[in-house]
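[1] Fold the stuff below for me.
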Amino acid sequence: MRSAATILHLDLDAFFAAVEQRDKPSLRGKPVVVGGGGPRGVVATASYEARVFGVRSAMPGTEARRKCPHAAFLGGRFEAYRQSSQVVMALLAEVSPAVEPLSLDEAFVDLALSHWDPARLAHNVAELRAELTRRTGGLTASVGVGTSKFVAKVASEAAKPDGARIIAPGEELDFIVDLPVRAIPGVGPVTETRLQAIGMHTVADLRRSSRDELVRELGKASGEGLSGLAFARDDRSVQAEREAKSISTEDTFPTDIKERAELEVILRRDAAHVAKRIRATGVFARTVGIKVRMGDFTTVSKARSVGGATDREEAISAIAIDLLSEVDVRAGVRLLGVAASNFVQSAQEQLFEDEAPPPAETLTTSEVDTSGVRGRGWFPGADVEHPEFGRGWVWGSGLGRVTVRFETRDSGPGPVRTFSTEDPALQPTQELPALP
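    Numbering: from 1, shown residues only. Below you'll find the predicted structure:
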């Protein structure tokens with residue numbers, strides 16, 4: 001860990017839903033759910049007003065509607081989300097040249113490279129959050145600052161919604177001791193269940209356990225990593241430039257696959273395809289990853305170093321299958337992919353077949369795939385324009401008619417009108433009003 005609190009984690013609050021409430025005045029202060037449409041729809045984001053009723057990200061839309069039937073269920077307007085995200089990332093780049101975006105609504109910032117005065121850290125964080133709200137036209141963010149990525153991210157979560165938490169050096173252990181194990185980034189439902197089965201419910205429980213016990217239960221990489229995080233040990237740096245170039249292939253299945261053996265056959269076939277493309281490119285991969293999208297649209301991505309660099313399908317296949325062994329597939333998999341990245345110009349494999357590769361950390365991320373909530377046609381929430389009434393958004397549609405509420409982020413709640421879907425005066429629009 002660093003000797004000073006110089007890593008900042010920023011997370012925009014209920015991002016997709018907050019953008020919709022900002023742009024649709026009639027929805028402010030009301031339950032809003034982005035996603036959840038269609039028979040297999042999944043919630044991408046729920047506003048805090050909807051979360052009161054138990055609606056959460058990754059929840060099936062049918063369940064969300066049962067919990068909060070009076071919420072506004074909207075399709076995704078990804079250009080609007082991207083517009084706001086770009087404004088936020090540009091603001092963070094003014095603070096430090098080292099900004100590591102994790103998604104549209106989340107990023108790490110290395111404050112050691114910033115112009116901020118450490119003695120005015122709390123003041124600067126407050127100014128940053130206020131300026132973000134001004135530039136985005138009303139969005140809010142929660143910010144955590146600490147001596148490591150882990151502490152900063154947990155601090156931002158503790159600050160939600162619309163708050164800030166600074167963990168000074170020496171405060172880390174007391175700050176995390178009472179947290180449930182699920183609060184540790186990377187601990188999902190499967191790992192949580194395994195830990196609870198052996199009596200580990202909190203960070204304090206993890207500290208009382210031995211590293212060997214965690215390794216035995218979770219595997220070497222996960223067990224050792226979790227043992228370190230329980231004592232706030234995390235030396236990861238903020239990566240301003242993240243490797244994007246990769247060679248990958250993936251399959252989407254017409255019905256969810258639950259049999260691991262069948263998934264392994266598919267992985268071997270895809271690994272062979274990836275290896276062939278790597279050899280054709282004339283490079284060698286140092287990282288292999290998989291993407292597993294479940295039936296509820298939750299996507300788990302895992303990646304691991306190959307312990308050198310390779311273009312062999314056997315090596316890529318073996319790592320991919322080992323990564324899949326860390327994923328619970330019993331609920332069914334709708335998409336499976338293999339990727340190779342972190343390329344070099346020469347191979348660096350072990351010299352002997354029986355030589356064990358160096359220990360490699362498995363990097364795991366889990367997110368809700370938003371492709372399933374992308375709106376099409378006259379979907380609820382879509383932007384429209386009318387020559388008489390101006391700009392508005394689709395309230396609902398069906399039976400050849402579309403109902404529109406005409407309002408903008410600056411107008412206040414507006415009137416509602418209904419049109420035929422064939423009315424040439426009513427047109428969808430992709431053009432976005434400029435942000436402040």
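
[2] What does the pLDDT read for Thr365?
    With respect to pLDDT, Thr365 scores 66.

[3] Strands along the stretch 251-400 of the chain, start to end?
    284-294, 298-310, 333-344, 362-368, 383-386, 390-398 (DSSP state E, counting those that start in this stretch).

[4] which one of those has the lowest average pLDDT?
    strand 362-368 - the lowest mean pLDDT of the strands of the stretch 251-400 of the chain, at a mean of 64.

[5] quick one on the thing from earlier: of all the strands of the stretch 251-400 of the chain, which one comes closest to Ala152?
    Nearest to Ala152, of all the strands of the stretch 251-400 of the chain, is strand 362-368, at 16.7 Å by CB to CB. Using the backbone N, CA and C atoms, a C-beta is placed for each residue, glycine as well.

[6] hang on, the earlier thing: want to throw the strands of the stretch 251-400 of the chain into TSV with distance to Gln239 and mean neighbour count?
    Converted to TSV, the strands of the stretch 251-400 of the chain look like this (distance: least, CB to CB, whole Å; neighbours: other CB atoms under 10 Å):
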stretch	distance to Gln239	mean neighbour count
strand 284-294	14	23
strand 298-310	14	20
strand 333-344	12	22
strand 362-368	12	18
strand 383-386	35	18
strand 390-398	38	18
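
[7] so can I have TSV of these showing distance to Ile176?
    Converted to TSV, those look like this (distance: least, CB to CB, whole Å):
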stretch	distance to Ile176
strand 284-294	28
strand 298-310	24
strand 333-344	31
strand 362-368	19
strand 383-386	43
strand 390-398	42
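
[8] just for the stretch 101-250 of the chain, where's the confidence low?
    Along the stretch 101-250 of the chain, the model assigns pLDDT under 70 to residues 241-245.

[9] Apply 50 and report the result again.
    Counting by pLDDT under 50, the ranges of the stretch 101-250 of the chain that qualify are 243-244.

[10] all strands of it, in order?
    For the stretch 101-250 of the chain, the strands defined by DSSP E, counting those that start in this stretch occupy 106-110, 141-146, 164-166, 246-257.

[11] a markdown table for those, including distance to Pro433 and mean neighbour count?
    Output for the strands of the stretch 101-250 of the chain, formatted as a markdown table (distance: least, CB to CB, whole Å; neighbours: other CB under 10 Å):
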| stretch | distance to Pro433 | mean neighbour count |
| --- | --- | --- |
| strand 106-110 | 24 | 22 |
| strand 141-146 | 21 | 26 |
| strand 164-166 | 29 | 20 |
| strand 246-257 | 35 | 14 |
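
[12] how about those, which one is nearest Pro60?
    strand 246-257 (13.3 Å).

[13] returning to what we had before: which one of the strands of the stretch 251-400 of the chain lies nearest to Leu12?
    strand 362-368 (14.5 Å).

[14] The stretch 151-300 of the chain: helices as residue ranges?
    172-176, 189-197, 203-208, 211-218, 220-229, 260-281 (DSSP state H, counting those that start in this stretch).

[15] and the third one, how far from the chain's centre?
    Using CA atoms, centre = their mean, to the nearest Å, we find the averaged C-alpha position of helix 203-208 to lie 27 Å away from the chain's own average C-alpha position.

[16] got it, and stretch 202-210?
    Offset of stretch 202-210 from its chain centre (CA atoms, centre = their mean): 27 Å.

[17] how about it: buried residues?
    Residues Thr202, Val203, Asp205, Leu206, Ser209 are the ones in stretch 202-210 that count as buried (16 or more other CB atoms under 10 Å).

[18] returning to that earlier point: dump the helices of the stretch 151-300 of the chain to a markdown table, plus distance to Pro387.
    Shown next, in a markdown table, are the helices of the stretch 151-300 of the chain (distance: least, CB to CB, whole Å):
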| stretch | distance to Pro387 |
| --- | --- |
| helix 172-176 | 57 |
| helix 189-197 | 51 |
| helix 203-208 | 60 |
| helix 211-218 | 61 |
| helix 220-229 | 58 |
| helix 260-281 | 51 |
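
[19] Of the ones you listed, which is nearest Phe419?
    helix 189-197 (45.0 Å).

[20] Relative to the whole chain's centre, how far out is that closest one?
    On CA atoms, centre = their mean, the centre of helix 189-197 falls 21 Å from that of its chain.

[21] go on, stretch 232-252?
    Per CA atoms, centre = their mean, the centroid offset for stretch 232-252 relative to its chain is 13 Å.

[22] First residue to last residue on it, what's the distance there?
    39 Å (CA to CA, to the nearest Å).

[23] sorry, back to before: tell me which of the helices of the stretch 151-300 of the chain sits nearest to Glu314.
    Closest to Glu314 of the helices of the stretch 151-300 of the chain, according to CB to CB: helix 260-281, at 8.4 Å.

[24] list the helices and strands that closest one packs on?
    strand 246-257, strand 284-294, helix 313-324, strand 333-344 (3 or more CB pairs under 8 Å, 6 or more residues apart in numbering; DSSP states H and E).

[25] now the ones you listed as TSV including distance to Val145?
    Output for the helices and strands packed on helix 260-281, formatted as TSV (distance: least, CB to CB, whole Å):
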stretch	distance to Val145
strand 246-257	32
strand 284-294	30
helix 313-324	33
strand 333-344	30
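
[26] Let me see the mean pLDDT of stretch 87-100.
    Mean per-residue pLDDT for stretch 87-100: 95.

[27] What residues of that stretch count as buried?
    Buried residues in stretch 87-100, defined by neighbour count with 16+ other CB under 10 Å: Val87, Val88, Leu91, Leu92, Val95, Ser96, Ala98, Val99, Glu100.
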